[in-house]
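A.B. asks: Following is a predicted model, sequence given first.
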Amino acid sequence: MRKIFLTLCFSLSIGLLHAQEYIFTPVTDIEATEVKSQDITGTCWSFSATSFLESEIIRLTGKKINVSEMFNVRNTYSTKAWNYVMRQGKAQFSQGALGHDVINSVRQNGLVPETAFSGLVFNETRYNHIELEGTLKAMLDNYILSKSGNLSPKWKLAVENVLDVYMGKKPSEFEYEGKTYTPESFLKMTKLNMDDYITITSFTHQPYYQSFILNIPDNFSNGAMLNVPLTDFTAIIDNALKTGYTIEWDTDVSEKTFSAKYGIAFIPENSGDALKGLKEIVSEKVITPEYRQQEFENYNTTDDHLMHIVGSLKDQNGTIYYKVKNSWGTNPNRVTNGGYVYVSKAYIELKSISILIHKDALPKDIKKKLGL
């Protein structure tokens, strides 16, 4: 009996030695604005890309500006409505979009601070676009179905009126820190140049070092992406952080191993370690381009969510993770790490759809191969 007891104790002690709860040490940490909540909307694309632009403004000017996410959202709803009607309903109309749609919106409409346009009306304190989306889509479907060879131009005014009611009127002029701006002059003040930003992806069904349009539902604007090998894709992220640039990240968060509650995301080598890995280090799967492509084509990897990569960390074994700013708020009952998620390189390799970056964040050799 004593021998059995000692054997059990020894086995338990060995298990405890191998169980390692995460201990993270910062490696790079680039300044970003505070974590926000997109609330009950599918507008992560604007929250992530706007946060990305806020960090760019800090890098370019030293100014920390709270930029309006909803100004970009409101402008993009108008663009999506036009696209939907002109395609006679043979396109997606929803709350979703991609990071390059924020770049398009800013290029065409300028930029405003949160104080000039909050997107909240009638004393609202939280965003909720369910009714707005439903109202707009029903209107647009009615226009498409009822047309008799001559679509009235009134539909465009009706769409703008609905957006005014649900989100507020767009400002043509506003005050900020004692000065009067238009959206265009405010953009100029930030020193942002929308031509500096590019979208990078990595898939094997298209040639490398060329651009193509990725066929995913939220790419309603047919934004082109530059395609690179998977090793280059992660090298670009690492080089960006090393040289002071942040990254907007489009990914899949449907996995059990992505957890805002635990603040961690990983790809376990053994699927049975999915729950274990939420609290302690587990071995991760080696991700190949072929496996990544397979998971995309069988819909296991889909375009779910966009966030903002602002730094990197290492665990006690020296393994690198990425510090990712989410847009699900900071309520400690729902999230940890103050609303950030620490994402493993394997997760980045497998689950990334694309990244939005400043072109100068590219390593020189990759930049040359892309002809930039």
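C.D. replies: That came through, no problem. Residues are numbered from 1 along each chain as shown.
A.B. asks: Which stretches in this structure count as helices?
C.D. replies: With helices called from DSSP state H, the chain shows them at 2-18, 44-61, 69-86, 99-109, 130-146, 154-167, 183-190, 230-242, 289-297, 345-351, 364-369.
A.B. asks: The ones you listed into CSV, with extra columns for distance to V27 and mean pLDDT?
C.D. replies: Heads up, the C-betas are built off the backbone N, CA and C, glycines and all. Shown next, in CSV, are the helices of the chain (distance: least, C-beta to C-beta, whole Å; pLDDT from 0 to 100):
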stretch, distance to V27, mean pLDDT
helix 2-18, 25, 45
helix 44-61, 17, 98
helix 69-86, 28, 97
helix 99-109, 24, 98
helix 130-146, 40, 93
helix 154-167, 40, 95
helix 183-190, 28, 98
helix 230-242, 8, 98
helix 289-297, 24, 98
helix 345-351, 12, 98
helix 364-369, 21, 97
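A.B. asks: Let me have these in TSV, extended by mean neighbour count and distance to R334.
C.D. replies: Formatted as TSV, the helices of the chain follow (neighbours: other C-beta atoms under 10 Å; distance: least, C-beta to C-beta, whole Å):
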stretch	mean neighbour count	distance to R334
helix 2-18	9	30
helix 44-61	24	15
helix 69-86	22	19
helix 99-109	22	24
helix 130-146	15	19
helix 154-167	16	25
helix 183-190	18	32
helix 230-242	19	27
helix 289-297	15	27
helix 345-351	24	20
helix 364-369	14	38
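A.B. asks: Throw these into CSV and include distance to M307, thanks.
C.D. replies: CSV is the format used below for the helices of the chain (distance: least, C-beta to C-beta, whole Å):
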stretch, distance to M307
helix 2-18, 31
helix 44-61, 5
helix 69-86, 13
helix 99-109, 10
helix 130-146, 22
helix 154-167, 23
helix 183-190, 22
helix 230-242, 13
helix 289-297, 19
helix 345-351, 11
helix 364-369, 23
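A.B. asks: Please identify which of the ones you listed is closest to W328.
C.D. replies: helix 44-61 (8.8 Å; C-beta to C-beta).
A.B. asks: now for that closest one, which elements pack on it?
C.D. replies: Applying 3 or more C-beta pairs under 8 Å, 6 or more residues apart in numbering; DSSP states H and E, we find helix 44-61 packed against helix 69-86, helix 99-109, helix 183-190, strand 247-251, strand 305-314, strand 352-358.
A.B. asks: can you give me the angle that helix makes with strand 305-314?
C.D. replies: Interaxial angle, helix 44-61 versus strand 305-314 (axes from the mean of the first three to the mean of the last three C-alpha atoms, to 10 degrees): 50 degrees.
A.B. asks: Nothing else from me, thank you.
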